[in-house]
Each structure stands twice: as C-alpha cells, then as structure tokens.
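> Here's a sequence, model it:
(one chain, ligands or ions: 1)
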Amino acid sequence: MSDEFNKNQFHPESLMMSYGYKPEWSEGALKCPIFQTSTFVFKTAEEGKAFFEVAYGLREKRVDEKSGLIYSRLNNPDLEILENRLCLWDKADACAVFESGMSAITTVFLEFLKPGDVILYSMPLYGGTEHFLLHFLPKMGIRPIGFKPGMSYEEMSQLCRDQEVSDKVAMIFVETPANPTNTLVDLDECKKLADSLSDKDKKVMLAVDNTYMGPLWQHPLAHGADLVLYSATKYIGGHSDLIAGAVLGSHELMLRVKTLRTFLGNMAGPWTGWLLMRSLETLKVRMEQQTANAEKVAAFLNQHPKVRKVYYLGLLTPENPQYRIYQKQYLSPGAMLSFDIEGEESGAFRFLNNLSLIRLAVSLGGTESLAEHPASMTHAGIAPDHRLEMGISDSLVRISVGIENVEDLIKDISRALAI
Ligand SMILES: *Cc1c(COP(=O)(O)O)cnc(C)c1O
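Below you'll find the model as predicted:
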C-alpha cells in the first residue's frame, strides 16, 4: 500500500513505526538505519544536475519527482523520514528538523522578519526565545511587543493602535499553555488579529510554539496558525537525552524555512534524527501515561494543606474564563503542572531539596519526573515585578510529570511536603 493511502487510513501512532521508509532502501532492514554520511553518490552526472536544479529552485519539481539526496546539510534520509512522520500529528504539509528548539525558533524569526517590523508575543515566553526577541532582534531594527495571555482580539487591536504599530506587525508569536502557569492564549483571537492586520500586500503570520503541550493534544495549524514550532528536546524526544527542534507548516512557508536552514546549516544530524524516530514510536503511550499520572498528582496537591493553589488544566472549572479556551483548543490537560507552596522561597526550596525520586532539574516532557523553581531558575531572567504580574511568585514550584508509578510519585511529594 502506498504511504498516501496509509496516511489517510490509519492514526499517527500506528504509522510511527513504518511511515515513509521502505526496507528495500536498506537491504531489507526492518528499521530505518542511521545514514551517517555527509554526501550522496549520483548515479549519473545528469541525475546530479537534475537534483541541483530542484534543490536550488532553478525549475519546478515535476509531479511525482522526489528531491534527490545531495549532501546532508540539504537533506538526509533520517531527517526526511522523521519530518514526514512529524507532519502526521499536526496534519502539516511539511516539516523541518533543527539541531535545537532555539535554532528552529530563531530561523523562523530571521526568515520572516525584517528591519522596521514589529513582532507581537504572548507573555511569558520561554527564556531563550524572550532573550532573542528583546536583545537580538532590536539590533536588526525589529521591535518586540508583549501581550498578556488573557487579552481578547479587541484588547490586542487596541494595544497595536496605542503603540501605533498596526501597519508594522509582521508576526504574532504565541506560547500556550504559558510556561509555568498553564495560562491559555486563545488562538482564534490571535488569528482574527493576524487577519485584521493583514492586507493584500502583507500577510501577518501567526506562529505557535507548541512545546509545552506537545503535538498530540493541541493543533495550532487547525486554528489557523501558519507555523507550529517545537523544542523536540521535550515531549517529542521524551528521554532527556538529546537537543532538537522542529517547524511545521505549508509547503510554501516551509520551503523558505528549509532554504534558510540550508544556509545557516543548523539542521539536526542523522543520529539525532534516528533517535527522534525511535522516540516517536512511543510518543502517544508516554504522553498518555504522563497525563494519567499528572491528573493524580494534581488531585493530591490540590487537597494538601501546604499547597495554596495548583495550576493544572485538568482542574479548570466551567466558571473560569479559561475553561472555554481549554474546551475548544485542547484534547487533554497534559502533564505539566505548577503549584504555590506555603513558605515562599524557603518553603519551595525545602520541598525541592527533600524530593528523592523526582529530580531537581529544568527541562520537561521526559520519561522521568522533574521539579524546579521557576522564579530562581527557568524564569530568573524576567524582572521581578513583571514576573509577579504573570503569577510566577517565589512560592511557585513546577513539575513535569513522568511515567513512574504514580503512587511512588505521590509518596515522594507527600514526604517532601511533610518536612
Ligand atoms: C526548551 C524550550 C525551547 C528551547 O528549545 P531547545 O531545544 O532547548 O533549544 C523553546 N520553547 C519552549 C517552550 C521550550 O520549553
């Protein structure tokens, strides 16, 4: 059966083991090998010429003509097969894999922004992304303007008018749920804003960093986003043993992303590509177990006397205005949670120092549970008053819930809270 047929017949989790790879390419090997090679041999000079014509855009690709393998900075089977598999979760036309989430994000900024442009972004953003927005892009003459997650289309439009930038916005960049408080941004409102700021000569792009929820349970492209980005280091990699990133979108936009990637040379290597294919086979079972565990951990924390408030999507109630966004945008509450503990920083540190199964580390989405203190660690770069405004107080602890036995997780948390 053809891959096109399979793609429409089966669920992504059923295709992660085989899609896009043919055993006859590799002596019948069931699994895709690691193509650890820098360059590829052309059968004839004519074939080499044809491959370059397509790669350099000298002519259109003929129908059913495949991109020929040339050189591993342009393409490599481990990356191409991985990219085709990643497309299935988000129902994207095309994907590009990068050597880190940051290289995926910065390549998108460099390709789609130019001097004089404004980029609107939801607050708070991942620290590395915010640093690049606030400290690098202004040197290129690009102005970043942040907006608060709860803002409606009308409020965001007003913000643009107040700042006199309605005709300069080139991109809206969103992270939802926001890290570490799980505050939601309504993508439909952002899309409405992007459309209202676009005209026939200029399309305002909506780009969504979907790392925090992962590719299973939020599909930004279906809400009108132009691009969806990931740190594949997190859920997609899922084992805390590699760094990688990905961008997905239409053929037209991804051609631009891939072209800049070719010239920046920040694609992932074949070994990382192969590891990510192995990770994708278990993405759904890992994330389902992580979420089932997170729901129980959140319920335990929610009734604990030393816990003031738990921030977990599974605990949202219909009275909360965020509930409506949750209902239309998410298929699951996911496995990231945070909570305010009694005792401010020293209470939080006492808890973190007394965990024994759960490790004290930043990063998220891996098979093991990790806990950290956002105010002094992942979000230490944000000005204190601004941090508080976003709900990131000294009492806040973040947990990325893993696949361990959930009773063991609760035992560990319960002991650390008792000290
Ligand atoms: C980790 C992370 C990044 C950066 O990804 P790297 O793979 O570390 O470069 C970007 N965005 C979010 C939301 C992240 O969690």
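
> what's the neighbour count on residue 158?
If you count neighbours by other C-beta atoms under 10 Å, residue 158 ends up with 12. Using the backbone N, CA and C atoms, a C-beta is placed for each residue, glycine as well.

> that's a helix at it, yeah?
Yes: counting by DSSP: H, G, I helix; E, B strand; the rest coil, residue 158 is part of a helix.

> how close does it sit to residue 206?
Residue 158 sits 19 Å away from residue 206, going by C-beta to C-beta, to the nearest Å.

> cool, residue 278 as well?
32 Å.

> now residue 372
From residue 372 to residue 206 the distance is 30 Å (C-beta to C-beta).

> And for residue 254?
15 Å.

> More neighbours: which of the two?
residue 206 (25 against 21).

> Can you verify my assumption that residue 140 contacts residue 115?
Yes: when contacts are counted by C-beta atoms under 8 Å, residue 140 is listed as touching residue 115 (5.9 Å).

> what's the residue lying closest to residue 175 once chain neighbours are set aside in contact with, if anything?
The shortest distance from residue 175 to any non-neighbouring residue, by C-beta to C-beta, 6 or more residues apart in numbering, is to residue 209 (4.6 Å). Neighbouring residues of residue 209 by C-beta atoms under 8 Å, 6 or more residues apart in numbering: 105, 125, 126, 129, 173, 174, 175, 229, 230, 231.

> again, 7 Å this time
105, 126, 129, 175, 229 (C-beta atoms under 7 Å, 6 or more residues apart in numbering).

> same check, this time on residue 312
Counting by C-beta under 7 Å, 6+ apart, residue 312 has contacts 182, 294, 298, 333, 337.

> out of those residues, which are inside strands?
Secondary structure from DSSP state E places residue 337 of these in strands.

> So which of the contacts of residue 312 sit within helices?
Those of the contacts of residue 312 mapping onto helices are 294, 298, per DSSP state H.

> any idea how the chain splits into domains?
77-280, 283-418 (automatic domain parsing).

> out of those domains, deepest packed?
domain 77-280 (a mean of 20; mean count of other C-beta atoms under 10 Å).

> how far does it stretch from start to finish?
Using C-alpha to C-alpha, to the nearest Å, one end of domain 77-280 lies 16 Å from the other.

> That one near the ligand at all?
Yes: Domain 77-280 comes into contact with the ligand (C-beta under 6 Å from any ligand atom), by way of 100-102, 126, 128-129, 175, 179, 209, 211-212, 231, 233-234, 243, 245.

> who's in contact with the closest residue to residue 38 other than its chain neighbours?
Distances taken as C-beta to C-beta, 6+ apart place residue 72 nearest to residue 38, at 5.2 Å, with adjacent residues excluded. Neighbouring residues of residue 72 by C-beta under 7 Å, 6+ apart: 37, 38, 270.

> swap in residue 67?
54, 55, 75.

> in the helix or strand encompassing residue 49, what counts as buried?
Residue 49 belongs to helix 45-55 when assigned by DSSP states H and E. Across helix 45-55, burial judged by 16 or more other C-beta atoms under 10 Å covers 50, 51, 54, 55.
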